[in-house]
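Asks: No sequence on hand, only this structure:
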């Protein structure tokens, strides 16, 4: 955590007119520079209200809010908002403006000159993975996923240090959502923006956030920690319930295979003798052996296929699933339980790295 | 049955009545637009005014045109001013309702996005709400115009009437040709104006072409 948080909420409350119970009750929350904080909780927990108080779409009733070291409540709202990117679930693209004009919204408000705006728009469209030939179209001509990409590009246009996102991927289908999430994680790691992201989906919150804030009804902060720490030690029963089942698997989903202990496994080189292959199988207590050609993993052969022919003459079967070092341990578990060999094979750009079994995976979260 | 020669013999008069009809249509609509813009501004600021304004405009709308022309004679006399006042009053209900509906119909998510980007209130209104309300606003002006083209014919009782003059005189003189000419030209005029408004809307709101 840097000394000066990028966003600081101090005792922030919101009581909506006509209600007595606060929607958010004396909430304090710091978000460090470059962090990706997800706000998650059941409906009525005030997560969206909290987000919208940061750019003053909703005015707090009391408390103090700082953004980038300045008092957010003492500047003009429109000035504040031009330095904060904002993405909402309904996207809210301006239907009467082309994609290029939509993306250019904030630079335009800030009075950038035309050439600079045009360059910036082209750059951003590439950044979010859209075609340049979409620039002259209107929003209604784009698919939901494309529109949301435009929404992200528009929010990033003036290079704001902070990005607020209100369930941005909630309205697209699950396949597109997964892709947008991964693209956005990649974008975050490249751009280093400070992101506050509201979702009602705990899996999305754990997947995306560097820290997760779990809120309870009335804007009560139940736990604020890394996904790993929350899954390992939920602060209370509410958090435990909210995390739901399969916490072990959820933790595994957060960790890469590269962190687990890999073994070389029962593998031999195609140039080795059949005796070496038999000895290797015996040593590992298995009825199959993996074949390598140098560092290249060719596949595996069954014990019954080992005959008088040299190993190079066999036709190895490919492993059904092979993982990369960045695959999650959860994917590794899946590979283990679905493979004949009961191991997950790890390969990096064709180079054989090793195997992981259930035991080394389990050790990762029990240690 | 139809005396085609009549058309040629009365070409000058037909042209004069065309200008009269256009004048009595466009002037009331233009005045109606100005008044309705003012009333819409009032409604947007004070929502409570919407009820009274639409009720008043609604009552005006229900007064038979013949009665309204007659009622105005003691006040302004038997002239074009009389017709313009009456015809203007009929446009108000349609125009105010459409103007307000146009602004109200702008999607809330879009307004929130505009706020979030840092638009000031007035910039948001002029650059987001008004352009997006245009299709509904223009639709209102279109309906008001077409309605007025029809109503103008009744002002024949004031010695005006545009094409209504031919319709009326045709009835009196039992000359079907005159009546038909007045009727057909009135429909043609309405159709041309309608087409022009559609073209105007397409030109002003290229973005709505795919969707409407």
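Replies: Right, received. Where do you want to start? Note that this is a predicted model, so its numbers are computed, not measured.
Asks: Domains in chain A, by residue range?
Replies: Split into domains by automatic domain parsing, chain A comes to A:7-255, A:258-366.
Asks: Buried residues, stretch A:129-137. List them.
Replies: Of the residues in stretch A:129-137, those with enough neighbours to count as buried (16 or more other CB atoms under 10 Å in any protein chain shown) are A:129, A:130, A:134, A:135, A:137. Using the backbone N, CA and C atoms, a C-beta is placed for each residue, glycine as well.
Asks: got the residues of chain B near chain A?
Replies: Neighbours of chain A within chain B, by CB under 8 Å from any CB of the partner chain: B:107, B:109-120, B:123, B:128, B:131-132, B:205-208, B:210-211.
Asks: I'd assumed residue B:51 was in contact with residue B:43.
Replies: No - applying CB atoms under 8 Å as the test, residue B:43 and residue B:51 come out as separate, 9.5 Å apart.
Asks: Between the two, point out the one with more neighbours.
Replies: Neighbour tally, residue B:43 and residue B:51, criterion other CB atoms under 10 Å in any protein chain shown: the higher count belongs to residue B:43, 23 against 10.
Asks: In space, what's closest to that one - neighbours in sequence excluded?
Replies: The shortest distance from residue B:43 to any residue that is not its chain neighbour, by CB to CB, 6 or more residues apart in numbering or on different chains, is 4.6 Å, and that residue is residue B:50.
Asks: Does chain B have contacts with stretch A:96-103?
Replies: Yes - judged by CB under 8 Å from any CB, stretch A:96-103 comes into contact with chain B through A:96, A:97.
Asks: I'd like the distance from that stretch to the chain centre, please.
Replies: Taking the mean C-alpha point of stretch A:96-103 and that of its whole chain, the gap between them comes to 28 Å (CA atoms, centre = their mean, to the nearest Å).
Asks: what's it in contact with?
Replies: Residues external to stretch A:96-103 that are found in contact with it (CB atoms under 8 Å, 6 or more residues apart in numbering or on different chains): A:93-94, A:105, A:108, A:118, A:121, A:124-125, A:130, A:134-139, A:142, A:150, A:153-154, A:157, B:131-132, B:205, B:207-208.
Asks: that older thread, of the residues of chain B next to chain A, which belong to helices?
Replies: Per DSSP state H, helices hold the following members of the residues of chain B next to chain A: B:109, B:110, B:111, B:112, B:113, B:114, B:115, B:116, B:117, B:123, B:131, B:132.
Asks: What's the per-residue pLDDT of residue A:334 here?
Replies: Each residue has a pLDDT score; the one for residue A:334 is 89.
Asks: From what I see, it and residue A:327 are in contact.
Replies: No - under the criterion of CB under 8 Å, residue A:334 is not in contact with residue A:327, lying 9.7 Å apart.
Asks: got a list of what residue A:227 touches?
Replies: Counting by CB under 8 Å, 6+ apart, residue A:227 makes contact with A:205, A:206, A:207, A:209, A:211, A:212, A:254.
Asks: Give me the ChimeraX select line for these, limited to the buried ones.
Replies: Restricted to buried positions by 16+ other CB under 10 Å, the ChimeraX selection for the contacts of residue A:227 reads:
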select /A:205,206,207,209,211,212,254
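Asks: Inside strands: which ones of the contacts of residue A:227?
Replies: Among the contacts of residue A:227, the subset assigned to strands under DSSP state E consists of A:211, A:212.
Asks: Please identify which of the contacts of residue A:227 is nearest to residue A:262.
Replies: Closest approach to residue A:262 among the contacts of residue A:227 (CB to CB): residue A:254, at 18.6 Å.
Asks: And the contacts of the helix or strand containing residue A:8?
Replies: Secondary-structure element containing residue A:8, defined by DSSP states H and E: strand A:7-14. Contacts of strand A:7-14 from elsewhere in the structure, counted by CB under 8 Å, 6+ apart, are A:22-31, A:46, A:49-50, A:53-54, A:58, A:60-67, A:162, A:194, A:196, A:219.
Asks: Out of the domains of chain A, which gets the lowest mean score?
Replies: Among the domains of chain A, domain A:258-366 scores lowest, at a mean of 87.
Asks: contacting residues for the closest residue to chain B within chain A?
Replies: Ranking the residues of chain A by distance to chain B (CB to the nearest CB) places residue A:92 first, at 2.9 Å. For residue A:92, the contacting residues are A:151, B:107, B:109, B:110, B:111, B:112, B:113, B:114, B:116, by CB under 8 Å, 6+ apart.
Asks: related to what we said a few turns ago, out of the buried residues of stretch A:129-137, which comes closest to residue A:235?
Replies: The shortest gap between residue A:235 and any of the buried residues of stretch A:129-137 belongs to residue A:129, at 37.6 Å (CB to CB).
Asks: and the helix or strand encompassing residue B:22, which residues are buried?
Replies: When secondary structure is defined by DSSP H and E, residue B:22 falls within helix B:11-45. Going by neighbour count (16+ other CB under 10 Å), the buried part of helix B:11-45 is B:14, B:17, B:20-21, B:23-25, B:27-29, B:31-33, B:35-36, B:39-40, B:43-44.
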